[in-house]
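Trainee: coords please:
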Amino acid sequence: MKNNINLIVQDKSPKERVDQFLAKKYSELSRTRIKNLIIAKNLKINGKFIFDPSKKISPGDNLIFTIPEPKKTLIKPYDFKLNIVFEDKYLLVINKPAGISMHPGAGDYDKTLVNALVSYDKKNLSNINGETRPGIVHRIDKDTSGLVVIAKNNFVHEILSKQFSEHTIKRVYQTLVWGKLRPQKGKIQTLITRSSKNRQIMEVGISRGKNAITNYKTLIVFEKKKIPTFSFVECKLETGRTHQIRVHMSYKGNNILGDKKYKKKFKKFKDIDKNVEKKLINLKRQFLHAKTLGFVHPVKNENMEFTSNLPEDLENIIKSLKNA
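Mentor: Residues are numbered from 1 along each chain as shown. Sure, this is the predicted structure:
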């Protein structure tokens, strides 16, 4: 069943984007969802379908905004043990291991976090983000480990989405990059857009893209005779763009260890410590971990913050570098 909302723009209303106008009227809906609904042919202005969320409205405009009933989830369960950090009747916080995708997609349909969530408790997952993404409020990459929050109902999903879109969520990552960052702490602020040469990766945009801000500080510099120079870095996100930290570290010239998409060719290091070399060769994913996740509970209105330790594969590399 669809919910049709009929609105007349008042004479005193200033000219503004239609998605902003609707977001103010319906604060329970995230602006991201409003944008997606508009793009998906759910808005008429003066009897004509509008697909552009940035369309400016004028006094006297007649808006008909349709909020369709969410689709039912048809996902194959996956018997996978979830590492649940926190759970109540409203949400879950999960420490996701590297190697598992967040939701079904190209080439990976039935062994994702979503499939595992359906196996765990399919009746208590939000369903407003599409039938292949129940519960998924935000994403981290398949080969990134760390904390993610899962919504158990649509109300909770909308409130969490709003916090993400307003950039009030606390997200801190740890990463190991080649070389030394200069300066060793600071703020990276660029546009990020999809690469025109390779649609699977993102890049820093000159005149197009979305604003992306990463605050970083170097925690340890490993600079010894028998190892290449590495920096163990903490990154705090102000925005959450696709591959943001990976793109920003590459942009600085300090690519993340193990990153197969954003990598540079490094010369073989002579006389390298054999234990370190073995650890570096055996790392099968990027050294990137979502360590801290903080948000306001959508129902209890309490500040919540969770942390997770580096997984064993990453911790072993840090230990080997310290001991080299």
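Trainee: helices along the stretch 1-150 of the chain, start to end?
Mentor: Per DSSP state H, counting those that start in this stretch, the stretch 1-150 of the chain carries helices over the ranges 18-25, 31-39, 113-121.
Trainee: okay if I get those as TSV plus distance to residue 142?
Mentor: All C-beta atoms are positioned from the backbone trio N, CA, C, and that covers glycine. As requested, these are exported to TSV (distance: least, C-beta to C-beta, whole Å):
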stretch	distance to residue 142
helix 18-25	30
helix 31-39	22
helix 113-121	10
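Trainee: which of the ones you listed is buried the deepest?
Mentor: By mean neighbour count, with neighbours taken as mean count of other C-beta atoms under 10 Å, helix 113-121 ranks first of these at a mean of 22.
Trainee: format the helices of the stretch 1-150 of the chain as a markdown table; extra columns: mean pLDDT.
Mentor: Output for those, formatted as a markdown table (pLDDT from 0 to 100):
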| stretch | mean pLDDT |
| --- | --- |
| helix 18-25 | 87 |
| helix 31-39 | 85 |
| helix 113-121 | 96 |
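Trainee: surely residue 234 meets residue 173?
Mentor: Yes: taking C-beta atoms under 8 Å as the definition, residue 234 is a contact partner of residue 173 at 7.3 Å.
Trainee: among these two, which residue is more densely surrounded?
Mentor: Neighbour count, other C-beta atoms under 10 Å: between residue 234 and residue 173, residue 173 has more, with 22 against 16.
Trainee: quick check: longest strand of this protein.
Mentor: Counting residues, the longest strand found in the chain (DSSP state E) is strand 210-222.
Trainee: quick one: strands adjacent to that one?
Mentor: According to DSSP bridges, strand 210-222 forms sheet pairs with strand 185-194 (antiparallel), strand 230-237 (antiparallel).
Trainee: who's in contact with the shortest one?
Mentor: Right, strand 230-237. Strand 230-237 has contacts (C-beta atoms under 8 Å, 6 or more residues apart in numbering) with 170-181, 184, 213-222, 244-245, 248-249, 254, 257, 291, 318, 321.
Trainee: among those, which ones are buried?
Mentor: Burial by neighbour count, 16 or more other C-beta atoms under 10 Å: within the contacts of strand 230-237 this picks out 171-179, 181, 213-214, 216, 218, 222, 244-245, 248-249, 254, 257, 291, 318, 321.
Trainee: overlap in contacts, residue 234 and residue 173.
Mentor: By C-beta under 8 Å, 6+ apart, the residues touching both residue 234 and residue 173 are residue 291.
Trainee: related to what we said a few turns ago, with respect to residue 147, which of the helices of the stretch 1-150 of the chain lies nearest?
Mentor: helix 113-121 (12.3 Å; C-beta to C-beta).
Trainee: ok, and what's touching the closest one?
Mentor: 73, 75-80, 82, 92, 94, 96, 100-104, 125, 132-136, 148, 150, 152.
Trainee: those residues in strands, which ones?
Mentor: Cross-referencing the contacts of helix 113-121 against strands under DSSP E gives 92, 94, 96, 148, 150.
Trainee: widest-spaced pair of the residues you listed?
Mentor: Greatest spacing in these, by C-beta to C-beta: 92 and 96 (11.2 Å).
Trainee: so where's the stretch 201-324 of the chain uncertain?
Mentor: Along the stretch 201-324 of the chain, the model assigns pLDDT under 70 to residues 264-268.
Trainee: in it, which spans are helices?
Mentor: Counting by DSSP H, counting those that start in this stretch, the stretch 201-324 of the chain has helices at residues 244-252, 274-282, 312-323.
Trainee: need the winner for burial among the ones you listed.
Mentor: helix 244-252 comes out most buried of these by mean count of other C-beta under 10 Å, with a mean of 23.
Trainee: circling back: can you pick the most crowded of the ones in strands among the contacts of helix 113-121?
Mentor: Of all those, the most densely surrounded is residue 150 (28 neighbours; neighbours counted as other C-beta under 10 Å).
Trainee: what sits against it?
Mentor: Going by C-beta under 8 Å, 6+ apart, residue 150 touches 91, 92, 93, 94, 117, 125, 135, 136, 137.
Trainee: can you check what pLDDT the model gives it?
Mentor: Predicted confidence (pLDDT) for residue 150: 98.
Trainee: who's in contact with the spatially most central residue of the chain?
Mentor: Residue closest to the average C-alpha location in the chain (C-alpha atoms, centre = their mean): residue 139, at 3.9 Å. By C-beta under 8 Å, 6+ apart, the residues touching residue 139 are 102, 103, 148.
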